[in-house]
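In: Quick one, structure for this:
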Amino acid sequence: MAITKEQVINALKQVIFFAKQNNIVDLNMVDDLVVNENEISLTVIFPKLADHSVNIVSNSIEKTLKGEFGEQMAIKVTPVAEKDREMGPLSGVKNIIAVIAGKGGVGKSTVAANLAVALAKAGNTVGILDADIMGPSVPILFGVEGEQPGIIERQGKSYMVPLEKYGVRILSLGFFVKSDQALMWRGAMINKAFNQLMTDAEWGNLDFLVIDMPPGTGDIQLTLGQSYKVRGTVLVTTPQRVATADVRRAALMCRQDKLTIPLLGIVENMAYFIPPDAPEKKYYIFGKGQTELLAAELKIPVLGSIPMVGAIAESGDSGNPIALDDNSPIARTFAQLVINLQTELKNS
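Out: Numbering: from 1, shown residues only. You can find the predicted model right below:
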């Protein structure tokens, strides 16, 4: 009895690509499948070829198919990279920018949201992915709490359609969990949720996809660096030494051999306090100079210094990022941050 493509596809669902916690069929990694009497050939599309998982998956395919259809079956597996096929769920995204902090409470999400808005105002097509799984705040910052993305079907698979506001396409786990629901997830569940937000979404063509990362150096950071092509990282810190010490660890993580994510620069948030009744004065409540020392040590620039003003918190709580306000000096600071970021991208 002749072997059918459907039988082969069902068998290939046993082959797991562990970096994305799913099988290669559901991840749309299988292409050019040809089934003959004595040979099965297929192309397998990987995020990148310089990865040990290529051999692991290829060997698993051969073992699985021979186990299903007999040792006499010749198996030909051709690995290719997504970029070479100009395909993959993120093929239309030119620059993935990860916004990372070493610790919580430094305003990372606020910086990420305003950076996305400022990039869009500068004429770019922009998306933002809220990957802070345990504390998704992007829906609040964009005023889209309680809303949900659309769903489209393509080739028998469902894809999320990001919401769009202020010219930014938005996805967050916060769209799928209740505000009073605590997430108690282990690493595998966290990685699966992150990969679904990245790859099961109709991002379309984007100049920039800004990713609001969780604080620290955990599972999602490793998954991002090992499974996706990241154009660069923006570090966020506050001036205190304890904050810069933590962001140093995050920076060194990005420079490990297994990740090698480029560091584009540092944003110093809450750099100084400006009294509302004396806008010409600056008070360095959390100290001064630590961010510059860290930037010099890492040989990266300080992309911008964001002051501590009530308008930033108020605009975030109201769902109107302050970068939207053309009359605000803070908006001009974020506009300059965009210019500095794009300069670093050109030079990297």
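In: can you give me the strands in the stretch 201-348 of the chain?
Out: Secondary structure of the stretch 201-348 of the chain, counting by DSSP state E, counting those that start in this stretch: strands at 206-212, 232-237, 263-273, 302-308.
In: Could you do the stretch 1-150 of the chain as well?
Out: Counting by DSSP E, counting those that start in this stretch, the strands of the stretch 1-150 of the chain are 16-17, 22-23, 30-35, 39-46, 74-81, 93-100, 126-130, 150-154.
In: most packed of the strands of the stretch 201-348 of the chain?
Out: Greatest average neighbour count among those goes to strand 232-237 (a mean of 28), per mean count of other C-beta atoms under 10 Å. The C-beta positions use only the backbone N, C-alpha and C, and glycine is treated the same way.
In: Now tell me what touches that one from outside.
Out: Here strand 232-237 makes contact (C-beta atoms under 8 Å, 6 or more residues apart in numbering) with 95, 97-102, 106-108, 111-112, 115, 243-244, 246-247, 250-251, 254, 261-269, 291, 294, 300, 303, 341, 344-345, 348.
In: who are the neighbours in contact with Ser172?
Out: Neighbouring residues of Ser172 by C-beta under 8 Å, 6+ apart: Leu129, Asp130, Pro136, Val138, Pro139, Leu197.
In: One more pass at 10 Å, please.
Out: For Ser172, the contacting residues are 128-133, 136-142, 144-145, 149, 162-163, 197, 212, by C-beta atoms under 10 Å, 6 or more residues apart in numbering.
In: re earlier: pick out the shakiest of the strands of the stretch 1-150 of the chain, pLDDT-wise.
Out: Mean pLDDT is lowest for strand 150-154 out of those, coming in at a mean of 82.
In: Number of residues surrounding the closest residue to Ile339 other than its chain neighbours?
Out: In space, and not counting its chain neighbours, Ile339 is closest to Ala122: 8.0 Å by C-beta to C-beta, 6 or more residues apart in numbering. Using other C-beta atoms under 10 Å, Ala122 has 16 other residues around it.
In: same deal with Pro149?
Out: If you count neighbours by other C-beta under 10 Å, Pro149 ends up with 21.
In: Enumerate the beta-bridge partners assigned to the residue lying closest to it once chain neighbours are set aside.
Out: Closest residue in space to Pro149, ignoring its immediate chain neighbours: Met160 at 4.5 Å, by C-beta to C-beta, 6+ apart. Here Met160 sits in beta bridges with Ile151, Ala201, going by DSSP bridges.
In: Check whether Met160 really touches Ile151, as I assumed.
Out: Yes: shown here, Met160 and Ile151 form a contact pair, counting by C-beta atoms under 10 Å, at 6.4 Å.
In: Return a PyMOL selection command for the buried portion of the contacts of strand 232-237.
Out: Typed into PyMOL, the line below selects the buried ones among the contacts of strand 232-237, using 16 or more other C-beta atoms under 10 Å:
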select buried, resi 95+97+98+99+100+101+102+106+107+108+111+112+115+243+244+246+247+250+251+254+261+263+264+265+266+267+268+269+291+294+300+303+341+344+345
